[in-house]
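Student: Pasting a predicted model and its sequence here:
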There are 2 protein chains.
Amino acid sequence: MTFEPINPPQRLLMGPGPINADPRVLRAMSAQLVGQYDPAMTAYMNETMELYREVFRTRNHATLLVDGTSRAGIESALVSLIEPGDRVLVPVFGRFGHLLREIAERCGAEVHVIETEWGTVFTPEQIAAAIAEVRPKILAIVHGDTSTTLAQPLEEIGALCAANDVIFYTDATASLGGNRFEADAWGVDVATAGLQKCLGGPSGSAPITLSAKAVELVEKRKSIEAGIRVESDAVSASPIRSNYFDLSQILDYWGPKRLNHHTEATTALYGARECARLLVNEGLPEAVERHRVHGAAMATGLSAMGLTLFGDQKHKMNNVVGVEIPDGIDGDGARAAMLGDYGIEIGTSFGPLHGRVWRIGTMGYNARRDTVLLTLAALEQVLRRGGVSVTAGSGTGAALDMYASE
Amino acid sequence: MTFEPINPPQRLLMGPGPINADPRVLRAMSAQLVGQYDPAMTAYMNETMELYREVFRTRNHATLLVDGTSRAGIESALVSLIEPGDRVLVPVFGRFGHLLREIAERCGAEVHVIETEWGTVFTPEQIAAAIAEVRPKILAIVHGDTSTTLAQPLEEIGALCAANDVIFYTDATASLGGNRFEADAWGVDVATAGLQKCLGGPSGSAPITLSAKAVELVEKRKSIEAGIRVESDAVSASPIRSNYFDLSQILDYWGPKRLNHHTEATTALYGARECARLLVNEGLPEAVERHRVHGAAMATGLSAMGLTLFGDQKHKMNNVVGVEIPDGIDGDGARAAMLGDYGIEIGTSFGPLHGRVWRIGTMGYNARRDTVLLTLAALEQVLRRGGVSVTAGSGTGAALDMYASE
């Protein structure tokens, strides 16, 4: 059996993520390695911390990477914060809320869930009422849930949490970089993300930030790792249930002690640093505005083709739109035609939306005018060939008009 | 504040790993992404499974990648196998044995440890006696522990485990690809590894293989993830304590169901596939022989310079050698001179060996004649300048003689 070198087909990834990586990120990732404690490496680690403080809009010292995909970031946050038996409140408005619930349950939490219909978000009053009833130690909520394309407004939740002595965790994987996110101004204690959405990189590294309050909670549970512990090191009475995701140990690796933990995934760190560097150079408000413009052009174009958008558009994320699959067309067949004939990937849906809704993204490197217009042009062809009546040029025309009016 | 693009200094990494990545691996990792369920992607995943079967020398269907560093692989194995209260036997002959103990404890196991002095390994009789006494469900043992440079012989341990109905897990991170490793012939149930040692890639992806017996054990504990579960799906009575490391879910993602779990770290997968492809093309026995030759040349050269090798040389891994720091020289100062003046990194040590032993690697892409000779030549200069008496040309001469005699 022989295997050829990697040579993937060229795809334009316009689904809910992963999307095409920015070529500059891939170039950064092709750099040769240095040692784990090389002065060049520790300098890159410190710079990565500084850069992600700007991306998360925080002054939290504890801003770093977890080596794994975005859900590795989520699990590191939850397993480090949750002691078995802790009450955790999880408001669920899409699939990734269910993931937070599942992870919290596996961490041994007593999980309380409130749910709202897919396509809607919670009001601050609903969250306040649930906090009053549950009295949780931790509130865990998704910011932007790609499964429904909506973003939960978080502006008022930090104050609610602070007033009730609740730790406020949010999963910003899908939203960060493409939608306004203000860790400090919103009173977020812990936020996690991934590279494969608006940050324009490949999955595999999870940026995380922790407030001083969250760090204090995590540090209380610290035990130095068995193999490098000395006699005088304390051993925690409530140890974190994971070694790999133990944020107290990971903080010591990223901190001045440089205590050995995992071997940092250097190539992923090069990529994560470049993702943040590009965003910070562009400016976070400018990047959010770019996502707003191209997301709006896509939504406008889809509507103009006669398609119905899914969910409460007032709370749609900038970077992804749900669109109902028109009657009489095979949703997966149309997606296959988009990919096979035009090289463009659009997304299917999970759970209650499966077979009902496509999800189309405009994020990171692909939040561009040409990608929006190409996608609309190809979709028009596929829809018509699938038997859907579409006015020729309606989608691209509406998008072009919108661009002209900006 | 401005940050420059990634531009690391050129280093020759001759420590215990990470080492320089093979440029072909970095090139593979610079390829553009495809979607998570793109036919090209799922084909690459299947090929990666086939390739790692050859690397691990197994016919195990369940041979795949965990997205994280090598200790992510370890934790995924242990947390998926261990139910709280299970007895786990961990024979410890170096730092990474302590890591297995720590992770098993955090998984809720009743851990029993036997220890042997650093620099030695266990006899099969010692392991057999411990199994008879502890009656563990799982034996967890490191194959090659870089902290002491030794490899524990595993040939006879699989039969001991099978006779006592013990699941046999081994961490082959440091050894795989550079030392003989035979998952099937040795009766290994679960083995995990990383890319950053003999496989010649960057840290960040953890190859793993599971026997049918191990898969059965893990599958019994399976629950489909909350957000994608349907009514008819069973929920396990003894759920795995982690979602990210839940091998039953990860197997469904890599299997024909392609059930969504994490978003595969595509770039890391490209790299992991290329690492295995290069090894399989070279031939596993040939790669092991290459590591033997260059490891022997390094050890011969160091001895010829008057240095004392550390540990039982009969059980030294091919790819790393421990060498006692000569009297009168500052170990960390010499390492700094190697790095600062010659761009060559050699390793320090942990725990009882710290300040006493350097560790010098010859592995993966750096298991070459030129790297061995350059390292010996530079070390001669640094030792002499540090006040150690070294016969000029003794190290390189002995290594060249050894190469000539091969």
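Tutor: Cool, got the structure. Remember, it's a predicted structure, so these values are computed and weren't measured experimentally.

Student: those helices in chain A, which residues are they?
Tutor: With helices called from DSSP state H, chain A shows them at A:23-29, A:39-56, A:70-81, A:95-106, A:124-134, A:157-163, A:212-219, A:247-254, A:266-282, A:284-304, A:331-342, A:369-385, A:394-405.

Student: what residues does the longest one touch?
Tutor: Contact partners of helix A:284-304, identified using Cβ atoms under 8 Å, 6 or more residues apart in numbering or on different chains, comprise A:54-55, A:57, A:177-180, A:198, A:279, A:282, A:309, A:313, A:316-321, A:323, A:360, A:362-363, A:367-369, A:371-372, A:375-376, A:379, A:394-399, A:402-403, A:406. C-beta here means a position set from N, CA and C on the backbone, and glycine is covered the same way.

Student: Now, of these, which are buried?
Tutor: When these are checked for burial by 16 or more other Cβ atoms under 10 Å in any protein chain shown, the buried set is A:54-55, A:57, A:177-180, A:198, A:279, A:309, A:316-321, A:323, A:360, A:362-363, A:367, A:371-372, A:375-376, A:379, A:394-399, A:402-403.

Student: burial of residue A:116, as a residue count?
Tutor: By other Cβ atoms under 10 Å in any protein chain shown, the residues close to residue A:116 number 18.

Student: Ok, residue A:229 next?
Tutor: By other Cβ under 10 Å, the residues close to residue A:229 number 16.

Student: With residue A:10 instead?
Tutor: 8.

Student: Dihedrals phi and psi, residue A:180?
Tutor: The phi and psi values for residue A:180, taken as degrees, to the nearest 10, are phi -60, psi 130.

Student: How about it, nearest residue that isn't a chain neighbour?
Tutor: residue A:288 (5.6 Å; Cβ to Cβ, 6 or more residues apart in numbering or on different chains).

Student: Quick one: neighbours of that neighbour, just the number.
Tutor: 21.

Student: so what pLDDT did it get?
Tutor: Here the pLDDT value assigned to residue A:288 is 98.

Student: swap in residue A:136?
Tutor: 98.

Student: Do I have it right that it meets residue A:88?
Tutor: Yes: at 5.6 Å, residue A:136 counts as touching residue A:88 under the criterion of Cβ atoms under 8 Å.

Student: For the stretch 51-200 of chain A, which residues are neighbours of chain B?
Tutor: Contacts of the stretch 51-200 of chain A with chain B, taken as Cβ under 8 Å from any Cβ of the partner chain, map to A:51, A:67-72, A:75, A:79, A:95-99, A:101-103, A:105-108, A:147, A:194, A:196.

Student: between residue A:136 and residue A:88, which one's more packed in?
Tutor: residue A:88 (28 against 23).

Student: The residue nearest to residue A:217 when sequence neighbours are not counted and chain B, how far apart?
Tutor: Closest residue to residue A:217 apart from its sequence neighbours, by Cβ to Cβ, 6+ apart: residue A:81 at 6.3 Å. Computed as Cβ to the nearest Cβ, to the nearest Å, the residue A:81 to chain B distance reads 15 Å.

Student: now swap in residue A:281 and tell me
Tutor: Residue A:281 is 8 Å from chain B, by Cβ to the nearest Cβ.

Student: What residues does the closest residue in space to residue A:110 that isn't next to it in sequence make contact with?
Tutor: Of all residues not flanking residue A:110 in the chain, residue A:87 sits nearest, at 5.0 Å (Cβ to Cβ, 6+ apart). With contacts defined as Cβ under 8 Å, 6+ apart, residue A:87 is in contact with A:109-110, A:112, A:134-138.

Student: With residue A:334 instead?
Tutor: Residue A:334 sits next to A:325, A:358, A:382-383, A:386 when contact means Cβ under 8 Å, 6+ apart.

Student: low-scoring stretches of chain A, by residue?
Tutor: A:1 (pLDDT under 70).

Student: Break it down into its domains, please.
Tutor: What automatic domain parsing lists as the domains of chain A is A:22-280, A:284-405.

Student: Just the endpoints, please. Distance across the first one?
Tutor: Start to finish, the residues bounding domain A:22-280 are 15 Å apart (Cα to Cα, to the nearest Å).

Student: Next: the shortest one.
Tutor: In terms of Cα to Cα, the two terminal residues of domain A:284-405 are separated by 23 Å.

Student: Can you get me a residue count around residue A:19?
Tutor: 30.

Student: Distance check, it against chain B.
Tutor: 8 Å.

Student: center of chain A - which residue?
Tutor: Centroid check for chain A by Cα atoms, centre = their mean gives residue A:173 as the closest residue, at 1.0 Å.

Student: Just give the number of residues close to the residue nearest to that one when sequence neighbours are not counted.
Tutor: Using Cβ to Cβ, 6+ apart and skipping the chain neighbours, the partner closest in space to residue A:173 is residue A:70 (4.1 Å). Residue A:70 has 28 neighbouring residues, counting by other Cβ under 10 Å.

Student: For residue A:70, give me its contacts.
Tutor: A:171, A:173, A:192-194, A:196, A:203, A:206, B:262-263.

Student: check whether stretch A:259-270 contacts chain B.
Tutor: Yes: under the criterion of Cβ under 8 Å from any Cβ, stretch A:259-270 makes contact with chain B via A:260-268, A:270.

Student: That stretch: end-to-end distance?
Tutor: 21 Å.

Student: ditto for stretch A:153-160
Tutor: Terminal residues of stretch A:153-160 lie 13 Å apart, using Cα to Cα.

Student: Kindly state the distance between the middle of that stretch and the middle of its chain.
Tutor: On the basis of Cα atoms, centre = their mean, to the nearest Å, stretch A:153-160 sits 19 Å off its chain's mean C-alpha point.

Student: which of the residues in that stretch are buried?
Tutor: Those buried within stretch A:153-160 under the rule 16+ other Cβ under 10 Å are A:153-154, A:157-158, A:160.

Student: Of the residues you listed, which is the nearest to chain B?
Tutor: residue A:154 (20.5 Å; Cβ to the nearest Cβ).

Student: Make sure the closest one is actually in contact with residue A:170.
Tutor: Yes: counting by Cβ under 8 Å, residue A:154 does reach residue A:170; the two are 6.3 Å apart.

Student: ok, back up a step: for the domains of chain A, which one ends up most surrounded?
Tutor: Stretch with highest mean neighbour count among these: domain A:22-280 (a mean of 22; mean count of other Cβ atoms under 10 Å in any protein chain shown).

Student: now that domain, how far from the chain's geometric center?
Tutor: 10 Å.

Student: Enumerate the residues of the stretch 201-350 of chain A near chain B.
Tutor: So the stretch 201-350 of chain A meets chain B at A:202-204, A:225-228, A:239-245, A:260-268, A:270-271, A:273-274, A:277, A:280, A:339, A:345, A:350 (Cβ under 8 Å from any Cβ).

Student: Do I have it right that residue A:270 meets residue A:31?
Tutor: Yes: taking contacts as Cβ under 8 Å, residue A:270 lies within contact range of residue A:31: 5.6 Å.

Student: anything in contact with each of those two?
Tutor: Residues touching both residue A:270 and residue A:31 (Cβ under 8 Å, 6+ apart) are residue B:6.

Student: List the contacts of the residue in chain A sticking out farthest from the centre.
Tutor: Relative to the centre of chain A, and counting by Cα atoms, centre = their mean, the farthest-placed residue is residue A:231 at 40.9 Å. If you count contacts by Cβ under 8 Å, 6+ apart, residue A:231 has none.
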